[in-house]
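> coordinates for the following, if possible.
(2 chains)
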Amino acid sequence: MYNSDMKTVTIRRLVGIFILLISLGLLLWGLWPFSHAVQSLPIPPAELRLPTPQGFAPEWFTLF
Amino acid sequence: MRFSRLGRFLIAVGVLLWSGACSAMPAATLTPAEATMAPVSAPTAPVRTSAAPTMPAEQPTAAPVQPTSAPEILEKRRLTLEWPATMRAGDSDDVRLTLEMDASGNLVSTAEISGHQTSAKVVQIPDLFKTHNVMAEARLDLAGVQVVPDNLVSQTLLPGQRVDFHWSVKPEEVGIYRGNVWFYLRFIPINGGAESQRTISAQPIQIRAVDMLGLTGTPARVLGALGTLVGSALGLDNIVSWIWKLIRRKKGE
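Numbering: from 1, shown residues only, chains lettered A, B, ... in the order given. Next up, the predicted model:
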């Protein structure tokens, strides 16, 4: 009787510890901060100018 | 008969001489209107008026001042985009776009080549801020993800000031989401007139939404917390009594 009770307590504690480890893992994953990606582009002053209308006539047109 | 042949010959010679005279005429000079409408192309090596070029003392070269070029923002800027490459499905995170001054400072530095004869064309570049109000606009396009705000965001761009754009993104389901971050500049003439817009960049981004054992962010955290309590009660039930005995032993000592 004493041995069966001890076995039950041991099994209960093992199950409890297993649940505890899984839950801690879930909690850690749920709270873990993922890193951010960063991309930096230099913008030269030539890009920060007024848009100018560009001619679209083909070059051969200017021969006439 | 002989006269008609001679006549035809003289006429042909006259036409040839006249066409030759026409082709040898000098090129037409541009009228003032045509001169101002000449295409404004960026000079290959413009020298900014803010810093005079370094000339060798033994060969000074005069730098003629050219007519004004197209106005531009005389600042070196940097566009920085930050986004979560990986995030939990069901959670929200922040995408940030920043237009700031470049670390090297303001105006473009002038090229200095020692020992060389420098013949530079000084180009007057008008400051765009003096003639226009500049608006910085940005938009995040990301299909399948809840984006707030989901429309175009505008802010006033002031000289030397940075602008920040923030979006909150929340993917509901697991997957890989691809989109673009658009950045525009809108130029509004101070003296009135038509506005113009220029697309500065369109940066692609990719966000990967993940889960754990089929659980998204919030369910995983809730289940993890509950499981921690239950697991502690089941597996560590003698811990409390053990700690209590330890405390009582120390008090008895």
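> okay, now the unreliable bits of chain A?
A:1-2, A:53-64 (pLDDT under 70).
> show me where it has helices.
Secondary structure of chain A (DSSP state H): helices located at A:2-31.
> which residues of it lie near chain B?
A:12-31, A:34-52, A:55 (Cβ under 8 Å from any Cβ of the partner chain). C-beta coordinates here come from the backbone N, C-alpha and C atoms, glycine included.
> how far does stretch A:15-25 sit from the chain's center?
Put simply, stretch A:15-25 sits 26 Å off its chain's centre (Cα atoms, centre = their mean, to the nearest Å).
> go through that stretch and flag the buried ones.
A:16, A:19-20, A:22-24 (16 or more other Cβ atoms under 10 Å in any protein chain shown).
> around chain A, which positions in the stretch 151-253 of chain B sit nearby?
So far as Cβ under 8 Å from any Cβ goes, the stretch 151-253 of chain B lies against chain A at B:185, B:187, B:196-198, B:200-201, B:203, B:205, B:212-213, B:215, B:217-218, B:220-221, B:223-228, B:230-237.
> mark which of those are part of helices, please.
B:217-218, B:220-221, B:223-228, B:230-235, B:237.
> pull out the buried members of the residues you listed.
By 16+ other Cβ under 10 Å, these give B:217, B:220-221, B:223-225, B:227-228, B:231-232, B:234-235 as buried.
> can you put the residues you listed in a markdown table and add pLDDT?
Listed next are these as a markdown table, based on pLDDT from 0 to 100:
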| residue | pLDDT |
| --- | --- |
| B:217 | 90 |
| B:220 | 94 |
| B:221 | 94 |
| B:223 | 94 |
| B:224 | 94 |
| B:225 | 94 |
| B:227 | 93 |
| B:228 | 92 |
| B:231 | 90 |
| B:232 | 87 |
| B:234 | 85 |
| B:235 | 84 |
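> and of those, the nearest to residue B:98?
residue B:217 (26.6 Å; Cβ to Cβ).
> tell me which residues touch that closest one, please.
A:30, B:88-91 (Cβ atoms under 8 Å, 6 or more residues apart in numbering or on different chains).
> tell me how many other residues surround the nearest residue to residue A:47 once chain neighbours are set aside.
If the residues on either side of it in the chain are set aside, residue A:47 comes closest to residue B:200, at 6.0 Å by Cβ to Cβ, 6 or more residues apart in numbering or on different chains. Per other Cβ atoms under 10 Å in any protein chain shown, the neighbour tally for residue B:200 reads 19.
> hmm, back to that, now, of the residues of chain A next to chain B, which are buried?
A:16, A:19-20, A:22-24, A:26-27, A:29-30, A:36, A:43, A:45, A:47-50.
> which residue ranges of chain B form strands?
B:47-48, B:65-66, B:77-84, B:86-88, B:93-101, B:122-123, B:132-142, B:145-148, B:153-157, B:163-171, B:175-189, B:196-210 (DSSP state E).
> need these in a markdown table with mean pLDDT, can you?
A markdown table is the format used below for the strands of chain B (pLDDT from 0 to 100):
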| stretch | mean pLDDT |
| --- | --- |
| strand B:47-48 | 39 |
| strand B:65-66 | 50 |
| strand B:77-84 | 93 |
| strand B:86-88 | 94 |
| strand B:93-101 | 92 |
| strand B:122-123 | 56 |
| strand B:132-142 | 94 |
| strand B:145-148 | 95 |
| strand B:153-157 | 95 |
| strand B:163-171 | 95 |
| strand B:175-189 | 94 |
| strand B:196-210 | 93 |
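> want to try TSV for those strands, with distance to residue A:8 as columns?
TSV is the format used below for the strands of chain B (distance: least, Cβ to Cβ, whole Å):
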stretch	distance to residue A:8
strand B:47-48	85
strand B:65-66	95
strand B:77-84	47
strand B:86-88	38
strand B:93-101	46
strand B:122-123	90
strand B:132-142	54
strand B:145-148	50
strand B:153-157	63
strand B:163-171	45
strand B:175-189	46
strand B:196-210	39
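> before we move on, back to that, if you rank the contacts of residue B:217 by neighbours, which is first?
residue B:88 (25 neighbours).
> how close does that residue sit to residue B:6?
Distance, residue B:88 to residue B:6, by Cβ to Cβ, to the nearest Å: 101 Å.
> residue B:148 too?
Here residue B:148 is placed at a distance of 93 Å from residue B:6 (Cβ to Cβ).
> what do you get for residue A:35?
Taken as Cβ to Cβ, the span from residue A:35 to residue B:6 is 96 Å.
> do residue A:49 as well
67 Å.
> what sits against residue B:250?
Per Cβ under 8 Å, 6+ apart, neighbours of residue B:250: none.
> and the gap between it and chain A?
Using Cβ to the nearest Cβ, to the nearest Å, residue B:250 is found at 26 Å from chain A.
> look up how far residue B:201 lies from that residue.
From residue B:250 to residue B:201 the distance is 66 Å (Cβ to Cβ).
> now swap in residue B:177 and tell me
Relative to residue B:201, and taking Cβ to Cβ, residue B:177 is found at 20 Å.
> for residue A:22, same thing?
For residue A:22, the distance to residue B:201 (Cβ to Cβ) stands at 45 Å.
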